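Asks: Here is my input, please return the structure:
(2 chains)
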2 protein chains.
Amino acid sequence: MKLLLSLLASALLVSADEGMWTFDNPPTKLIQDKYHFTLTKDWLDHVRLSSARLNDGGSGSFVSPHGLLLTNHHVAREQLQKSSTAEHDYIKDGFYARTQADEIKSPDLEINVLISTEDVTARVAAAVKGKSPEEEFAERKKVLAEIQSESTKKTGLRADIVTLYNGAEYWLYRYKKYTDVRIVFAPEAQAAYFGGDPDNFTYPRYDLDMTLLRVYENDKPIDTPNYLKWNPKGAADDELVFVSGNPGSTQRLDTVAQIENDRDNTLPNELKLINARIAVLEAFSKTSPEHARQAGSDIFLLQNDVKELSGEQRGLKDPHVIATKREEEQKLKSAVLARPDLKAQYGTAWDEIADAERKSASRIKERFFHSTDSRLAGIALDIVQYVAEIKKPDGQRLSGFHEAQLESLRYELFSPAPIYKDLEIARITGALKLDIQEMGQNDKYIQTVLGGRTPEEAATDLVNGTHLDDPAVRKKLVEGGEAAVDASTDSMIALARKLDPMRRELTKWMEENVQSVEQRGGERLGRARFAVFGKSTYPDATFTLRLSYGTVKGYAMNGTEAPPKTTFYGLFDRAAGFDYQPPFDIPSRIKEGRSKLDLSTALNFVCTDDIIGGNSGSPVINKAGELVGLIFDGNIESLVGNFVYDIESNRAVAVHTAAMTEVLRNIYGAQALLTELGM
Amino acid sequence: MKLLLSLLASALLVSADEGMWTFDNPPTKLIQDKYHFTLTKDWLDHVRLSSARLNDGGSGSFVSPHGLLLTNHHVAREQLQKSSTAEHDYIKDGFYARTQADEIKSPDLEINVLISTEDVTARVAAAVKGKSPEEEFAERKKVLAEIQSESTKKTGLRADIVTLYNGAEYWLYRYKKYTDVRIVFAPEAQAAYFGGDPDNFTYPRYDLDMTLLRVYENDKPIDTPNYLKWNPKGAADDELVFVSGNPGSTQRLDTVAQIENDRDNTLPNELKLINARIAVLEAFSKTSPEHARQAGSDIFLLQNDVKELSGEQRGLKDPHVIATKREEEQKLKSAVLARPDLKAQYGTAWDEIADAERKSASRIKERFFHSTDSRLAGIALDIVQYVAEIKKPDGQRLSGFHEAQLESLRYELFSPAPIYKDLEIARITGALKLDIQEMGQNDKYIQTVLGGRTPEEAATDLVNGTHLDDPAVRKKLVEGGEAAVDASTDSMIALARKLDPMRRELTKWMEENVQSVEQRGGERLGRARFAVFGKSTYPDATFTLRLSYGTVKGYAMNGTEAPPKTTFYGLFDRAAGFDYQPPFDIPSRIKEGRSKLDLSTALNFVCTDDIIGGNSGSPVINKAGELVGLIFDGNIESLVGNFVYDIESNRAVAVHTAAMTEVLRNIYGAQALLTELGM
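Replies: Take a look at the predicted model:
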């Protein structure tokens, strides 16, 4: 599945159906030329206002006038997990609120709807004009914080700065923010995630990866006049379809030096870290069914990351991919070096970035292996930094603590979601053992955490000596400010006070040696690209709203052809092919309700629309602006989509509305929901 | 699907489940060690005598005491095609003989059952001992013809010489031969070949690729006390299963020079030829439904070849495969060169073979593009050569005309199978155009065929001027001997008389410059291998009876796992996924009979048994010696199986007996057959 991982930015000349386009620069002409369909302002506004960002790392869309929001099960899964208890396991059993009163408030989900966007590039350029490279970074940070803060004060809307085209453009995005989000319907996880980790990121698929939420304000469902009409026929083969969602990050125009550093340093360390964490969680799961339940969602998310990152790594090891990137880079470089004016402005950017990448690699291990993998330790550090940062002028604060970001941060920090202490001990112990293995016993960070104890002892002491699992305690500390934090004897706060200076040193070093250089270099390359190729393209993904387009279409796979769609027949075939053994078991409600289903109903389908992690939960929309599907994944061939798009093999994988309609009606008996959906 | 293509030979040290073993040297210890099952002589004899070779290029097995023979639909397809007419299309509609009287005699199928084998290596070695390299080829040919001929006279059985382990061993195989073979049951081709060319050589699959024949002698069904009991439960996941069949050819221990010549010269020319022929047949098919019916089977077979050869070519372009072969070769070479005795005997073989390959490449175009692609022209050349060859001593005749081969040759030559004259004209025209394109207008062969006419004119004259489409005419010419042939004014015979000397020149040149050298070199490498590694291995495939072993097992595929088996659910899923459009349409009898089927019945399955083209129609046999499946294909990963076997990905694909039982009972109402099968 496609979840958000991390953020970066760049741009590219586009091929057919390629691109994750901003709503201010949609591919109107490309769509007109190829598909003879005109994107109107009304159509775009309707789609934009029907779309939502879920800050757990996915996308969604409104599907009724009463705030009913459709997303993936795997996007809502964390909230389902946090709402479950030993007695009520909504992950395993699913959930359906027959009345609004039965809907469950999710503990810490935030939903954003994009209200307006504004190009602030000129103001940023004016602010940094004439500054030295050293001053530029701080000045830019300052003006961006100002812009955000001004907007928040003026509009009350959430204000985000979005860096597009490698920094050649800065935009202010204003969102209506919602934090009262309730769970309406979720199928059993096994129906949503049939095929489990093996089938993840592959196709053909047979997954009901859907969840319905409802957005509230003032304890009432919000009005959503802009919503996507549910089309129960769903997408047809070869139909032109759009995807409106929030792709998290692509690196399509990173320099070759950046990509190679990813391949050789970042990805191997990241995969080592994640695999070690999975091993810890799996061992913990074996100790009891309740422990297995507690660790379930984390394992799920980490396995998803491993499969995605491994696919990226495979892609980057493919000589063809790297050759393509080199060729693209050479094309831009030659054009820049051929024109004296461009050469003078941008000619050295590649080398500067390459140099920064080398510096970055020199401290990469600290970034991965100075970690306790602890939610409590994370909260403690946030609190310690929070009380210090808010005393500074907005423009000088650490990223994440700017005035415009504080409300969302506090919402997250004070989340009532449960923290399981046994699980925390297991994770900290495992993380410290890995830290020691990678950094050595004498590492200062590790010695600070251990304080002469074994990893097990340190973990146990830290977890038993903290009360940060109680949101009220966190709130009290934050409200008490620096004095309260300094005076705290809480074990995690005490540790965070010691670790904070080390973190700040690394952050500062990275800013000075890597980020400032790459920001400046990236911005220049972005401008160079505009100068050479114009703005006929789309920026790299930034977990902001984008529009993709394409058609429902199979593709060449495994020596034959993957079909445009699958059906419930296929679900039963794949299950029977593995004798219904996990992860190919079918929840009993569906297995036993088989005769009530029309098995030839379309279940999942693929389209050429260009998507990536973060697009999970995005609606698939037809020309009439109706909902015809629900994006939940990309195929295995699309994992290299971070770097390149190929219409021959990259496919987005979606749940068909026909299948969702069929199960809501005939398996889950959710007639009230169907009525609300207009059926 | 796996059909026989061509023959070559060599040997290899083996990995788990690898190998196509001769019945004289079965992998008893390997199976005992890994699976704790003992191959007994009785078990092996039972399996051998229950197995059959079909000289259209496949395998089969007896499944009742009354000569009932199970094979693939695609193996029997040529006979079904030859038995069909414009009125009765058994390919399209299938066939079921409700009584024995209704069974249809196939026009020219020959069935062989392996009765005995005898090692004649010593006799061959004695005959060629002390001969010069030049004399050796002729001497070997002579002694082998003698051995065959003696055996035929003595036993009346068909006698074949089989060259094993690159020529380090020569064996005499004696077969009971049957030529009265009747068609009992065939499903619709679309049920047998669902998914068509796209799905061919892939998995998961959903094909009922089966046909039942019955073998007669003296107009009565033969007694087959050795037959495989039909086990309707079929193969279970992870079950140990055997395959007994006739793999056509592997090149697992060809030298790197041979493999590279294949990759760079043979395969590209072969693919060019086949693709051009397919284009001709497809154009012909478009001219009328009856033309489409006539060309159908040829298109089918050629597409099968293209997919198989393309897969081989892809395999050989994989740097990993060539690296593996180089490493294997280097291992043997180092061992040989390290021992002075071995070095003296075998040290120069690699270079000699490489030299022969270079020579072979110099005349490769003639071998592919001196062709009329005409069945009539082929028959004419056979007749012209036949009458000349049989006057010579057996040991000096062209291959194919030895005394022991004549009966089968005559059976084929006098086949009553229809020859379609319009189709012949189209094929000859197309072939001549390709010949001109590849060899130039001034080529002597081409000028001889054209005789100053355009390709269309020449083709039309040749086809209209011959009566060889009548088997009686052929018979009369053969019986009339050289005088009759010399006096004939038949256009095709006249042409064959002119082309015969050119063919003989090329054959002789190839024998002198390539075959004799490679035979001698191969033999020495075979012996070198015995000297270094011993005989703990299996010889390359030679379209003779072999035993493979392995288990029913899925595999990693396309980022996920392929299941051990598929079901009828999957058939309907794949059809619906493509909206039942060809080649994903389901014959109406099955589509409309869906409710009579248990859709969860296992349909196809995969096992690790090592097979290759020619194994089509082989039985899958359990430890009890019962039939549990029917081999019909390999997966796409197995196409490189010509050169390497990898248990991680190579899989044989089989029809499950449960599926065959299910359709015979509930779709085709073949209760009489089920009764004969013991159900």
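
Asks: Model confidence for residue A:1, exactly?
Replies: On the pLDDT scale, residue A:1 is placed at 56.

Asks: err, residue A:12, not the other one
Replies: Model confidence at residue A:12 (pLDDT) stands at 41.

Asks: Quick one: residues contacting residue A:62.
Replies: Going by Cβ atoms under 8 Å, 6 or more residues apart in numbering or on different chains, residue A:62 touches A:50, A:52, A:68, A:69, A:70, A:215, A:224, A:226, A:227, A:228. Yep, even glycine has a C-beta here, placed from its N, CA and C like the rest.

Asks: The first one touches residue A:227, doesn't it?
Replies: Yes: here residue A:50 lies in contact with residue A:227, judged by Cβ atoms under 8 Å, at a distance of 5.4 Å.

Asks: Quick check: neighbours shared by those two?
Replies: The contact sets of residue A:50 and residue A:227 overlap at A:61, A:62 (Cβ under 8 Å, 6+ apart).

Asks: Please, where are all the helices along the stretch 551-679 of chain A?
Replies: Using DSSP state H, counting those that start in this stretch, the helices of the stretch 551-679 of chain A run over A:568-577, A:588-592, A:657-666, A:671-676.

Asks: Out of the ones you listed, which is closest to residue A:284?
Replies: Closest to residue A:284 of the helices of the stretch 551-679 of chain A, according to Cβ to Cβ: helix A:588-592, at 27.5 Å.

Asks: how about that closest one against chain B, any contact?
Replies: No: no part of helix A:588-592 sits near chain B under the criterion Cβ under 8 Å from any Cβ of the partner chain; the closest distance found is 11.0 Å.

Asks: What is the burial count for residue A:483?
Replies: Neighbour count for residue A:483, taken as other Cβ atoms under 10 Å in any protein chain shown: 9.

Asks: buried sites along the helix ranked longest in chain A?
Replies: Taking DSSP state H as the criterion, chain A has its longest helix at helix A:289-317. Using 16 or more other Cβ atoms under 10 Å in any protein chain shown as the test for burial, helix A:289-317 gives A:291, A:293-313, A:315-316.

Asks: and those residues near chain B, which?
Replies: Restricting the buried residues of helix A:289-317 to those near chain B - Cβ under 8 Å from any Cβ - leaves A:307, A:311.

Asks: Dump the helices of the stretch 551-679 of chain A into TSV; add distance to residue B:670, mean neighbour count and mean pLDDT as well.
Replies: TSV is the format used below for the helices of the stretch 551-679 of chain A (distance: least, Cβ to Cβ, whole Å; neighbours: other Cβ atoms under 10 Å in any protein chain shown; pLDDT from 0 to 100):
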stretch	distance to residue B:670	mean neighbour count	mean pLDDT
helix A:568-577	25	26	98
helix A:588-592	32	15	97
helix A:657-666	36	23	98
helix A:671-676	46	16	97
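
Asks: Spell out which residues of chain A are next to chain B.
Replies: Checking chain A against chain B by Cβ under 8 Å from any Cβ, the hits are A:195, A:198-202, A:204, A:237, A:307, A:311, A:554, A:557-561, A:563-567, A:569-570, A:572-574, A:576-579, A:584, A:599-600, A:602, A:635-636.

Asks: Show me how chain A divides into domains.
Replies: In terms of domains, chain A is parsed into A:28-110+A:179-248+A:539-676, A:115-178, A:316-529 (source: automatic domain parsing).

Asks: Could you look over those domains and pick the most buried one?
Replies: domain A:28-110+A:179-248+A:539-676 (a mean of 22; mean count of other Cβ atoms under 10 Å in any protein chain shown).

Asks: any chance you could read off phi and psi for residue A:395?
Replies: As for residue A:395, its main-chain torsions (degrees, to the nearest 10) stand at phi -70, psi -10.

Asks: Surely it touches residue A:145?
Replies: Yes: using Cβ under 8 Å, residue A:395 is in contact with residue A:145, at 4.4 Å.

Asks: what is in contact with those two at once?
Replies: Counting by Cβ under 8 Å, 6+ apart, no residue touches both residue A:395 and residue A:145.

Asks: Residue A:136 contacts residue A:521, doesn't it?
Replies: No: the pair residue A:136 and residue A:521 fails to qualify as a contact (Cβ under 8 Å) at a distance of 11.4 Å.

Asks: so residue A:53 is in which element?
Replies: Here residue A:53 sits within strand A:51-54, counting by DSSP states H and E.

Asks: Pairing partners for that strand, with directions?
Replies: As defined by DSSP bridges, the strand partners of strand A:51-54 come to strand A:58-62 (antiparallel), strand A:111-119 (antiparallel).

Asks: so which of the helices of the stretch 551-679 of chain A gets nearest residue A:463?
Replies: Distance to residue A:463, taken as Cβ to Cβ, is lowest for helix A:588-592 among these, at 37.8 Å.

Asks: Which one, of the domains of chain A, ends up nearest to residue B:593?
Replies: Of all these, it is domain A:28-110+A:179-248+A:539-676 that lies closest to residue B:593, at 15.6 Å by Cβ to Cβ.

Asks: What is the end-to-end distance of that closest one?
Replies: 33 Å (Cα to Cα, to the nearest Å).

Asks: roughly how far is it from the heart of the chain?
Replies: How far domain A:28-110+A:179-248+A:539-676 lies from its chain's middle: 15 Å, per Cα atoms, centre = their mean, to the nearest Å.

Asks: again with stretch A:508-515
Replies: On the basis of Cα atoms, centre = their mean, stretch A:508-515 sits 24 Å off its chain's mean C-alpha point.

Asks: and what of stretch A:479-493?
Replies: Taking Cα atoms, centre = their mean, one finds stretch A:479-493 lying 32 Å from the centre of the chain it belongs to.

Asks: Identify the residue nearest the one residue in the stretch 51-200 of chain A that gets nearest to chain B in space, chain neighbours excluded?
Replies: Residue nearest to chain B within the stretch 51-200 of chain A (Cβ to the nearest Cβ): residue A:198, separated by 4.3 Å. Distances taken as Cβ to Cβ, 6 or more residues apart in numbering or on different chains put residue B:560 closest to residue A:198, at 4.3 Å, once the chain neighbours are dropped.
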